[in-house]
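Trainee: Sequence unavailable; structure follows:
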């Protein structure tokens, strides 16, 4: 039976980051994923983008991953919030320079991120990756966990790391429940070009149904380009995604409130469900959960992957500080203490922001606009909220 220090179940972005970073510590790591290895640009390519915030960038730099990602990123220097629920749109800018930061983050297409991570794993001497092979079962003892895989083989590891998504098979095998909040929303994801450069500005336009977010991308065929995440009622998202090109462009421009001038949709469209989901606990014997196996939040404030990389940061710190205890009960308890409170705080905060964004009643829209004015107008409050969103602490 093959033996590893860590078995990572899940070959999405978070699982690949974990395998690459943990392997960079010299640990023997196996990453398995049931999805076929057709590559990040295959027919089921993820069209979403991810905003890498400053703490996450530092982690990727330490893991030796940032240099390869740099050609694919677009900087985010300003977060612009637009209230367009009724009347003339109200816009307020939250600038990274207020915190003395170069930028809030850097936006990167998920497929570029996965390609870079895949190339890194292929070159890592202590990391093995198996596509088309998934987690099936676990038998956890005091010294190791024996993991059954879908190809009929078994491997042993000191730690099983569940990074296998919101429907995590690892989480189910551990008997860990989840608390799920559904909003009746879906996110419509696509890209647009526009006449004026985005200037590093990420724009969230709030109206009934959820935010319409434009996030900077590198130019597309010589024109400024942004990724769009349009959150709205589920049935409406499906209707919009099926519109012909001209009708879809008209709907996009009507919803954007002119925030970036005329928009021209380019490329395909994808629809993703919106939920908040938090695991009842983060650990079981010789097992830890991270990323969407542990927490799922709506795509507001760029918290999704950045929360996942905060999980990875805690795991890396523990691996460095207590390498001989990886996967032991006390080690796992330290991980749960490090991540549990922050996960619950951010999930509750994003849930509240999403509910406020959904609000369509006139009094609630008016309160949302007043809240935006107040938060922006009080400098210390504005800066404290920005620091919290960036994961910079107080």
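Mentor: Yep, that arrived. Predicted model, so just to flag it, every value in this text is computed and none were measured.

Trainee: Give me the residue ranges of the stretch 1-150 of the chain where confidence is low.
Mentor: 37-48, 85-89, 96-103 (pLDDT under 70).

Trainee: tell me the helices in it, going along the chain?
Mentor: Assigned by DSSP state H, counting those that start in this stretch, the helices in the stretch 1-150 of the chain fall at 13-23, 54-62, 66-69, 110-123.

Trainee: Contacts only, for the nearest residue to residue 190 once chain neighbours are set aside.
Mentor: Computed as C-beta to C-beta, 6 or more residues apart in numbering, the closest residue to residue 190 that is not its neighbour in sequence is residue 269, at 4.5 Å. C-beta: built from backbone N, CA, C; applies to glycine. Neighbouring residues of residue 269 by C-beta atoms under 8 Å, 6 or more residues apart in numbering: 47, 188, 189, 190, 241, 248.

Trainee: How much space separates residue 269 from residue 312?
Mentor: Separation of residue 269 from residue 312 (C-beta to C-beta, to the nearest Å): 31 Å.

Trainee: Kindly report the same for residue 228.
Mentor: 28 Å.

Trainee: got it, and residue 278?
Mentor: Applying C-beta to C-beta, the value for residue 278 to residue 312 is 18 Å.

Trainee: More neighbours: which of those two?
Mentor: Neighbour totals were compared for residue 278 and residue 312, and residue 312 leads with 25 against 21 (other C-beta atoms under 10 Å).

Trainee: That one is in what secondary structure piece?
Mentor: Counting by DSSP states H and E, the element that carries residue 312 is helix 304-321.

Trainee: Next, the buried residues of the helix or strand that that helix is followed by.
Mentor: Next along the chain after helix 304-321, taking DSSP H and E as the criterion, comes helix 329-358. For helix 329-358, the buried set under the neighbour-count rule, 16 or more other C-beta atoms under 10 Å, comprises 331-332, 334-336, 338-340, 343, 346-347, 349-351, 353-354, 357-358.

Trainee: With stretch 183-203 instead?
Mentor: By neighbour count with 16+ other C-beta under 10 Å, stretch 183-203 contains the buried residues 183, 185-194, 198, 200-203.

Trainee: and the helices of the stretch 1-150 of the chain, which is most packed in?
Mentor: helix 13-23 (a mean of 27; mean count of other C-beta atoms under 10 Å).

Trainee: Residue 310 and residue 340, how far apart?
Mentor: 12 Å.

Trainee: try residue 267
Mentor: 39 Å.

Trainee: Three-state assignment for the residue nearest to residue 190, please.
Mentor: strand (DSSP: H, G, I helix; E, B strand; the rest coil).

Trainee: Which pLDDT value does the model give it?
Mentor: Reading off the confidence values, residue 269 has pLDDT 93.

Trainee: excluding its backbone neighbours, what's nearest residue 122?
Mentor: If the residues on either side of it in the chain are set aside, residue 122 comes closest to residue 129, at 7.5 Å by C-beta to C-beta, 6+ apart.

Trainee: just the strands in the stretch 151-300 of the chain please.
Mentor: Using DSSP state E, counting those that start in this stretch, the strands of the stretch 151-300 of the chain run over 154-162, 178-194, 201-207, 210-220, 223-233, 263-279, 283-284, 287-289, 295-296.
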